[in-house]
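Novice: model the following, please.
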Amino acid sequence: NAWNTWRQQNPSEEPDLHEEDLSNSNLSGANLSRVNLSGATISGANLSKANLSWSIMIGADLRKADVSEANLTSADLSGADATEANFTRANFTDAVLIDTNFNNADLSEANFAGADLTGAYLKEANLRGAFITQTQLDKARAPEELPPPR
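Specialist: Numbering: from 1, shown residues only. Model (predicted):
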C-alpha cells in the first residue's frame, strides 16, 4: 500500500500521529514502527499483522481494535485503553504495558517475553496459551482499583 511504500522510501522518518483519530481505519499490515500514536483514537481499527515495534502509544484508545498477529516489540502502550481489543498471537516482547487496560481483551497466544505489565488491568482478559516469561506483573489491578473512566 501507499503508506508502506512511503515508509520504505523514507526509513529515517518517525511519523507523528499523536492524538489523531484513526478509529475504524484499515491499517492491516501497515508499517507503523517508531510512529508516535500517543493519545490517538484507534478504536475499532484493523491493525492485524501491523508492525508497531518501537511505536509510542501512551494513552491511546485501542478499544475493540483488531491487533491480532501484530508486532508490538518494544512498543510503549502505557495507560492505553485496550478494552475488548483482539491481540491474538500479538508479539509484546519487551513492550511497556504499564497501567494498560486489557479488560475483556483477547491476549490468547500472545508473546509477553520481557514485557512490563506493572499495574496493568487484566481482569477477564483471555490469556490462554500466552507466553509469559521474564514478564513484570507487579500490582496488576482489579476493577475497583482502576482510575475513573476518561
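
Novice: so what's the residue count around T41?
Specialist: 19 (other Cβ atoms under 10 Å). No exception for glycine: its C-beta is placed from N, CA and C like everyone else's.

Novice: where's it relative to L17, distance?
Specialist: 10 Å (Cβ to Cβ, to the nearest Å).

Novice: just S68 next, same as before
Specialist: From S68 to L17 the distance is 21 Å (Cβ to Cβ).

Novice: in stretch 107-122, which residues are buried?
Specialist: Judged by neighbour count (16 or more other Cβ atoms under 10 Å), stretch 107-122 contains these buried residues: 107-112, 115-122.

Novice: which pair in those residues spans the largest distance?
Specialist: Across those, no pair lies farther apart than E109 and G119, at 23.5 Å, counting by Cβ to Cβ.

Novice: which ones are touching the residue nearest to the spatial centre of the chain?
Specialist: Closest to where the C-alpha atoms of the chain average out (Cα atoms, centre = their mean) is L77, at 5.6 Å. Taking Cβ atoms under 8 Å, 6 or more residues apart in numbering, we find L77 in contact with M57, I58, A60, L62, A95, V96, L97, T100.

Novice: pick out the most distant pair among those.
Specialist: Longest span within these, Cβ to Cβ: L62 and V96, 14.6 Å.
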